[in-house]
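[1] Sequence plus the predicted model coming up.
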Amino acid sequence: MKRNSLPTIFILTAIIFIALNFNANAQLRISIGGTVGGGYLKSNSPSVGSVTASLFIETNTALFAEVFPRLGLVFAKDFNAIIPNVEKPYFPYVRGITFKGVTTQYFDGRYFLEEGVGLLALNDRTFSDRDDWNYGAVLSLNGGFDLRGFNLDGFKLGGGAEYGLTFTNSLPQYSSIHGFVQYNF
């Protein structure tokens, strides 16, 4: 059995995430969201254009003043995988887990800019015989329009960029320019 499997890492990160929520002294609010876009991925190989996607969950429990935890799953796969009639035996991809601290600034009421920085665990599958976990950092920047009302329930829409870089094993990395949607409960 592999020691560094995706479910094990996800469960441990989720336990930490949930433990942070038990220390919340305000009413717990949760938001979920996702991104879809394009970018590139690479490892010990030339970069490959990719389609990217991510899902995340965030709470209002502050890690530090105005910095909120966001736990996410990220996936990037060779762009040729979505093109019809491409007969290729293997399409490189990476997948992983991010744990970021996110802060948001608002401009003129509803326009926002959010920045995030955190930790990254990335599974490198750029070659068919490679399956190793790598650890590093992730940076993100999103901007857009907040559609929420006074009760703070509703959507935030926008676009942004994300960059993930690892420092172990085969040094995989990815980047993404994406559309962004988030729903606050």
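    Looks like it came in fine.
[2] Name whatever forms a beta bridge with residue 133.
    residue 123 (DSSP bridges).
[3] per-residue confidence at it?
    If you check residue 133, the pLDDT there is 91.
[4] What is the neighbour count of it?
    For residue 133, the tally of surrounding residues (other Cβ atoms under 10 Å) stands at 20. To be clear about C-beta, it is placed using only N, CA and C from the backbone, and glycine gets the same treatment.
[5] Equivalent analysis for residue 156, please.
    Residue 156, neighbours per other Cβ under 10 Å, totals 21.
[6] Strands of this structure, residue ranges please.
    Taking DSSP state E, the strands of the chain run over residues 30-42, 48-59, 68-78, 93-107, 111-125, 132-146, 154-166, 173-184.
[7] partner strands of the third one, parallel or antiparallel?
    So the one you mean is strand 68-78. Strand 68-78 has these strand partners (DSSP bridges): strand 48-59 (antiparallel), strand 93-107 (antiparallel).
[8] again, but for the first one
    Sheet pairing of strand 30-42 (DSSP bridges) gives strand 48-59 (antiparallel), strand 173-184 (antiparallel).
[9] remind me which residues of the chain are low pLDDT?
    For the chain, the stretches with pLDDT under 70 are 1-7, 9-11, 14, 17-27, 62-63.
[10] Please repeat the previous calculation with a cut-off of 90.
    For the chain, the stretches flagged by pLDDT under 90 are 1-30, 44-45, 59-67, 83-89, 108-109, 149-152, 169, 185.
[11] Adding distance to residue 8, write the strands of the chain out as TSV.
    Formatted as TSV, these follow (distance: least, Cβ to Cβ, whole Å):
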stretch	distance to residue 8
strand 30-42	23
strand 48-59	19
strand 68-78	14
strand 93-107	11
strand 111-125	10
strand 132-146	10
strand 154-166	18
strand 173-184	22
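[12] Next one: the residue nearest to residue 48 when sequence neighbours are not counted from residue 119, what distance?
    Nearest non-adjacent residue to residue 48, counting by Cβ to Cβ, 6 or more residues apart in numbering: residue 78, 5.2 Å away. Residue 78 is 25 Å from residue 119, where distance means Cβ to Cβ, to the nearest Å.
[13] More neighbours: those two, which one.
    Taking other Cβ under 10 Å, residue 78 and residue 119 do not tie; residue 78 has more neighbours (20 against 14).
[14] my read: the more buried one touches residue 92, true?
    Yes - using Cβ atoms under 8 Å, residue 78 is in contact with residue 92, at 5.1 Å.
[15] Find residues that contact each of those two.
    With contacts taken as Cβ atoms under 8 Å, 6 or more residues apart in numbering, residue 78 and residue 92 have 41, 48 as neighbours in common.
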